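Asker: Give me coordinates for this.
(2 chains)
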Amino acid sequence: MQQNWSRKGTPWIWLNAAAVALSLLLVGSLLAFIMVQSIGVFWPSEASGHFGHKVWLYLQNWWQFLSGSSVEGGIFPAILGTVLMVLLMSILVTPLGVFAAVYMHEYAKDGPFIRLIRVAVHNLAGVPSIVYGVFGLGFFVYFLGGSIDNLFYSDRLPTPTFGTPGLLWVSLTLALLTLPVVIVATEQGLAGIPKSLRLGCFALGATKAEVMWRIVLPQASPAMVTALMLAIARAAGEVAPLVFVGVVGSAPALPISTEFPYLQLQQQIMSLGMHIYDAGMQSPAAQSAEPLVFASALVLIVLIFMLNFAAYRFRKRLNLRYRNRAAAES
Amino acid sequence: MNMEIVAKLDVQDLSVKFADKTVLQRINLRIPEHKITAFIGPSGCGKSSLLRSFNRMNELLEDTTTTGRVLLDGKNVYQPDVEVAELRRRVGIVFQKPNPFPHSVYENVAFGLRLQGIKQERKLDELVESALKKAALWNEVRDRLHASAVNLSGGQQQRLVIARAIAIEPEVLLLDEPASALDPISTLKIEELMYDLKQHYTIVIVTHNMQQAARVSDFTAFLNMGQLIEFDETNKMFTDPSQRATEDYITGRFG
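Answerer: I've put the predicted structure just below:
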């Protein structure tokens, strides 16, 4: 009986189930902790009237927190900064990562050289993010930004325009940081496309470029969205490397304007991650700011969730368009 | 053998190597136009490689070296100035396992047409319908042209792939064991289809099935270990083969 029990693999299953349960418990308690800490922050004091009025005040407080400027104690500049840097990063990293993956997987001849590059890309994913920050400062800000200033803004020197930390360099640094993730995930997507589909396309007289555009890239598009989701999740919470290249605790102005070009790429920005660090550790009233730190953390989590959800919906739509791929492989 | 017949494909001294392994040795063969030619032989004899060398599919598969010539209407397809995509448009191929694209039935057949730059909806509709009719599939899919091709049965998928191949009007149709993954009824349909198609196309089929070769083909080539053992009219091959090895194989004594 005992032997039978273990031969069925029951202890093994329980071990796995326990690991899952523990992971869930840890993640769940993290979320619950932040919720509990932040959910009551804006609940009005006892003396402010009946319950309905309190709820109204509570929501108002949240709204002020989310939409107010830094001076008003709000985090709108930090939310905007985070969203902008992540969106710009996505625009930069997606084509770069996808084309790099396509080249490596589809065009480059497999050999020691391409294998070396692949190993290098995988290793890049493990480089500590602070290193990217230092690189961003040296290469993007001083070298690239300095050159741009010398070439196009020499009349304003010695006041730097692009030769100083700013939104563009933040996004570029993030793009660099997430590039390995995008390349690896896209390459895996490309590897998953059945060879028979490519051959079928060649057999109809398609050139290599036509096979790429009509079969391979559309088929790999869900993998590309997955890659982008991973990149967004990684980028939105980064703080340390970005301090070097343009994220500050308190920026004098928003990086957007009502006049062309609407986006001030050279402007320093605030971000939620930075705000959490700054309010929690750096402000003179850190103790009293603690509940607001948790509220900011909650906002950051919700924001990443929303960005990921948007990407997920997009992927689902793509999957629906090519929904029978799994069946085609079988 | 009757040599009056026009040769669509003329194989001269063709040798194929995969990496260091020789799979075909100095093959000489003339494939007659508007006939069905069957390649038979034991597994690994090189019959599929020979078939794929006609439209240069081998070079997509492995590290291949090809020497010798394959003349299509007198012109060597291995000449450097030959455009491979154009060659494959003229010499279509259908593989053993049906490989429909994960698109609709309609888009599968229209795929090759669109590659050629045909855009007008009405023209596409016409050509798709006629290809599906030629492939004996129209009656089964006419009501679900825009449903996914992957939901069709295996036999329907294979006929769809044939429709896709003939939609672009190739001159030669290569079939690499097209029925080996199908049930007997689907196989029968494919065989009937081949019979209709040979009016317009030159067909070359690789098969493991002796009866199938005897039923459908006009000519048969027997290959063994990378060499062409015998090539003759199918009737002659199956009744009075000139080589001992051919007789042994056909009668099932080896292979």
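Asker: Run a quick neighbour tally on residue A:270.
Answerer: 24 (other CB atoms under 10 Å in any protein chain shown). For the C-beta atoms, the positions are set from N, CA and C on the backbone; glycine is no exception.
Asker: what about the residue nearest the centre of chain B, which helix or strand?
Answerer: For chain B, residue B:174 is the residue whose C-alpha lies nearest the centre (CA atoms, centre = their mean; 1.5 Å). Assigned by DSSP states H and E, residue B:174 belongs to strand B:172-176.
Asker: The residue nearest to the centre of chain B: what's it in contact with?
Answerer: By CB atoms under 8 Å, 6 or more residues apart in numbering or on different chains, the contact set of residue B:174 is B:51-52, B:54-55, B:91-94, B:203-205.
Asker: at 10 Å instead, please
Answerer: A:203, B:9, B:39, B:48, B:50-55, B:57, B:91-95, B:165, B:202-206 (CB atoms under 10 Å, 6 or more residues apart in numbering or on different chains).
Asker: now, which of the residues you listed lie within helices?
Answerer: Among the contacts of residue B:174, the residues falling in helices (DSSP state H) are A:203, B:48, B:50-53, B:165.
Asker: Out of those, flag the one nearest to residue A:300.
Answerer: Using CB to CB, residue A:203 is the member of those that lies nearest residue A:300, at 50.7 Å.
Asker: residues touching the closest residue to that closest one other than its chain neighbours, list them.
Answerer: Excluding its sequence neighbours, the residue lying closest to residue A:203 (CB to CB, 6 or more residues apart in numbering or on different chains) is residue B:93, at 4.8 Å. Residue B:93 makes contact with A:199-200, A:202-204, B:51-52, B:54-55, B:57, B:161, B:165, B:170, B:172-176, B:178, B:204, according to CB under 10 Å, 6+ apart.
Asker: that older thread, now the two most distant members of the ones in helices among the contacts of residue B:174.
Answerer: B:50 and B:165 (18.7 Å).
Asker: Which of the three states applies to residue A:162?
Answerer: What DSSP: H, G, I helix; E, B strand; the rest coil gives for residue A:162 is coil.
Asker: Do you know the pLDDT at it?
Answerer: Note for residue A:162: predicted pLDDT of 78.
Asker: so where's chain A shaky on pLDDT?
Answerer: A:1-7, A:46-48, A:259, A:285-287, A:320-330 (pLDDT under 70).
Asker: so where's the longest helix in it?
Answerer: helix A:286-321.
Asker: Which strands and helices lie in contact with that helix?
Answerer: helix A:10-39, helix A:51-67, helix A:76-102, helix A:217-236, helix A:272-277 (3 or more CB pairs under 10 Å, 6 or more residues apart in numbering or on different chains; DSSP states H and E).
Asker: what about the nearest residue to residue A:68 once chain neighbours are set aside, distance to chain B?
Answerer: Distance criterion CB to CB, 6+ apart; nearest residue to residue A:68, sequence neighbours excluded, is residue A:74 at 2.2 Å. Separation of residue A:74 from chain B (CB to the nearest CB, to the nearest Å) stands at 48 Å.
Asker: For residue A:74, give me its contacts.
Answerer: A:63-68.
Asker: Kindly confirm my reading that residue A:144 is in a helix.
Answerer: Yes - applying three-state DSSP, one finds residue A:144 inside a helix.
Asker: so how far is chain B from it?
Answerer: As defined by CB to the nearest CB, residue A:144 lies at a distance of 42 Å from chain B.
Asker: and what of residue A:260?
Answerer: Here residue A:260 is placed at a distance of 38 Å from chain B (CB to the nearest CB).
Asker: Let me know the closest of the ones in helices among the contacts of residue B:174 to residue A:319.
Answerer: Distances from residue A:319 to those, taken by CB to CB, are shortest for residue A:203, at 26.1 Å.
Asker: What residue in the stretch 51-200 of chain A comes nearest to chain B?
Answerer: residue A:196 (3.9 Å; CB to the nearest CB).
Asker: Now do the phi/psi pair for that residue.
Answerer: Backbone geometry at residue A:196, expressed as degrees, to the nearest 10, gives phi -60, psi -30.
Asker: In space, what's closest to residue B:32 - neighbours in sequence excluded?
Answerer: Counting by CB to CB, 6+ apart, the residue nearest residue B:32 is residue B:5, at 4.2 Å.
Asker: for the one you found, helix, strand, or coil?
Answerer: Residue B:5 - assigned by three-state DSSP - is coil.
Asker: ok, for residue B:19, nearest residue in space, not its chain neighbours?
Answerer: residue B:63 (5.0 Å).
Asker: what's the burial count for that neighbour?
Answerer: 9.
Asker: my read: it touches residue B:16, true?
Answerer: No - counting by CB atoms under 10 Å, residue B:63 stays clear of residue B:16, with 11.4 Å between them.
Asker: Mind jotting down where the strands sit in the stretch 51-200 of chain B?
Answerer: Ranges of strands within the stretch 51-200 of chain B are B:64-72, B:75-76, B:91-94, B:172-176, based on DSSP state E, counting those that start in this stretch.
Asker: Buried deepest among those strands, which one?
Answerer: strand B:91-94 (a mean of 25; mean count of other CB atoms under 10 Å in any protein chain shown).
Asker: Provide the strand pairings for that one, with the direction of each partner.
Answerer: strand B:172-176 (parallel) (DSSP bridges).
Asker: and the angle for the partner strand with strand B:64-72?
Answerer: Our comparison of strand B:172-176 with strand B:64-72, counting by axes from the mean of the first three to the mean of the last three CA atoms, to 10 degrees, yields an angle of 140 degrees.
Asker: Give me the distance from strand B:172-176 to the chain's centre.
Answerer: 1 Å (CA atoms, centre = their mean, to the nearest Å).
Asker: CA atoms only: put it into PDB for me.
Answerer: C-alpha atoms of strand B:172-176 as PDB (Å, rounded to 0.1, in the frame of the first residue of the first chain):
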ATOM      1  CA  VAL B 172       5.500  20.400 -63.600                       C
ATOM      2  CA  LEU B 173       3.900  19.100 -60.400                       C
ATOM      3  CA  LEU B 174       6.100  17.100 -58.000                       C
ATOM      4  CA  LEU B 175       4.300  15.000 -55.500                       C
ATOM      5  CA  ASP B 176       6.400  13.600 -52.600                       C
END
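Asker: any idea of the mean pLDDT in it?
Answerer: Rounded mean pLDDT across strand B:172-176 is 93.
Asker: what angle separates the longest helix of chain A from helix A:51-67?
Answerer: Using the same axes, to 10 degrees: helix A:286-321 against helix A:51-67 is 80 degrees.
Asker: Of the contacts of residue B:174, which qualify as buried by neighbour count?
Answerer: A:203, B:9, B:39, B:48, B:50-55, B:57, B:91-95, B:165, B:202-206 (16 or more other CB atoms under 10 Å in any protein chain shown).
Asker: List the contacts of the residue of the stretch 51-200 of chain A closest to chain B.
Answerer: Residue A:196 sits next to A:203, A:328-329, B:95-101 when contact means CB under 10 Å, 6+ apart.
Asker: repeat that with 6 Å
Answerer: residue B:99 (CB atoms under 6 Å, 6 or more residues apart in numbering or on different chains).
Asker: and residue B:36, bridged to which residues?
Answerer: The partner list for residue B:36 in beta bridges (DSSP bridges) reads residue B:203.
Asker: residues contacting it?
Answerer: By CB under 6 Å, 6+ apart, residue B:36 lies in contact with B:198, B:203, B:216-218.
Asker: Using TSV, lay out those together with pLDDT.
Answerer: TSV is the format used below for these (pLDDT from 0 to 100):
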residue	pLDDT
B:198	86
B:203	93
B:216	90
B:217	92
B:218	93
